Each structure stands twice: as C-alpha cells, then as structure tokens.
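Enquirer: Could you work out the structure for the sequence below:
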Amino acid sequence: MVNVSVVSTKVVSDYFTNRLITKIELKVSSLSPTSIIYPKTHRIWGYENGSDTGGFTLEGFSIKDNFGNPMKLTSVSPRYVGLSNERGLRYGEDNVFTIRTAENPLDAASHLELKISAGVLGNNKQIVFTIPTSSIIKIERGGM
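Expert: Numbering: from 1, shown residues only. Prediction:
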C-alpha cells in the first residue's frame, strides 16, 4: 500500500530557457510492512538489435487544466524504469518526485488535473489530483 500526496505546486522560471514552467512535487510513502514499492516512471525505448539509439520516455502521468488543455510534461525525477539496481521504497520510507511541464497554467484556469496511472508509483489504481490554481505558488522570473 502506498500514500501519494501533493507537497507543492509552483510556477517557476526554467533554469535553461527562463520560460515559466510548472513544477509539482509529490510525496510517496510506503504504508505496507510486507511489500517493497518499485515505482516505474519511465520506459526504455530503442536499443533493439544492438542499436546505440534509444532513451527514456515518461510513462503514466498526465496534466491538463479545467478546459481540457494538456500540459506537456518534460521530466519526472527521480527516474525509475524497473532496473535491478533501482532501490525500492520500504515501509515507513518516503520519496519526493518532481514533475515538470513545458509551460504554466492559463490565467483563466481554475484548476489542474494530475492523473497518475495504476502501478506508476506502486499504486493499485489510478490516482487523480485536482490542484486549484489559487494554491499554486508563483515565483518571479529569475527565481527558483
């Protein structure tokens, strides 16, 4: 069993582009004394038949505003792909995951909807968070 909660949602200036982006921090806590949680936030693509081409792609997260406009996800960290050297989350332990988007919400939006597919963070079913835009911390450009 796992508990997932939104720690913070911020609109910040991207370090590299100076564009405003949205950053959501999630706290994931293991509640099961009998299970180890193995998140799977990404999948590996490519590398078939000895190819050097491939990489990682995000899996299981989506964000949209109350108008249905999707927000492009740029990263989720830390990254888990199901490799044997990735340490699972044990009973009583917490881990903070950071989700970044390529943009910030529309001024007219009343809320964002974050969906996390079943199994991504050790959850048995889909998780849906409604994040009111009034609760989003806005950090001025140049600040992080």
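Enquirer: Identify the neighbouring strands of the helix or strand where V76 lies in the sheet and state each direction.
Expert: V76 belongs to strand 73-77 when assigned by DSSP states H and E. Neighbouring strands of strand 73-77 in its sheet, by DSSP bridges, are strand 94-101 (antiparallel).
Enquirer: Correct me if wrong: L89 contacts Y80.
Expert: No - when contacts are counted by Cβ atoms under 8 Å, L89 is not listed as touching Y80 (9.7 Å). Every C-beta, even on glycine, is put in place using the N, C-alpha and C of the backbone.
Enquirer: got any residues that touch both of those two?
Expert: Common contacts of L89 and Y80 (Cβ atoms under 8 Å, 6 or more residues apart in numbering): Y38, P39.
Enquirer: hang on, the earlier thing: buried sites along the strand holding V76?
Expert: For strand 73-77, burial by neighbour count (16 or more other Cβ atoms under 10 Å) applies to L73, S75, V76.
Enquirer: just those now: which is nearest L112?
Expert: Nearest to L112 among these: L73, at 12.1 Å, using Cβ to Cβ.
Enquirer: Next, the buried residues of stretch 61-79.
Expert: In stretch 61-79, counting by 16+ other Cβ under 10 Å, buried: F61, I63, K64, D65, N66, M71, L73, S75, V76.
Enquirer: of those residues, closest to T130?
Expert: When the buried residues of stretch 61-79 are compared for distance to T130 (Cβ to Cβ), N66 wins out at 8.7 Å.
Enquirer: Provide a list of residues in contact with that closest one.
Expert: A109, S110, H111, L112, E113.
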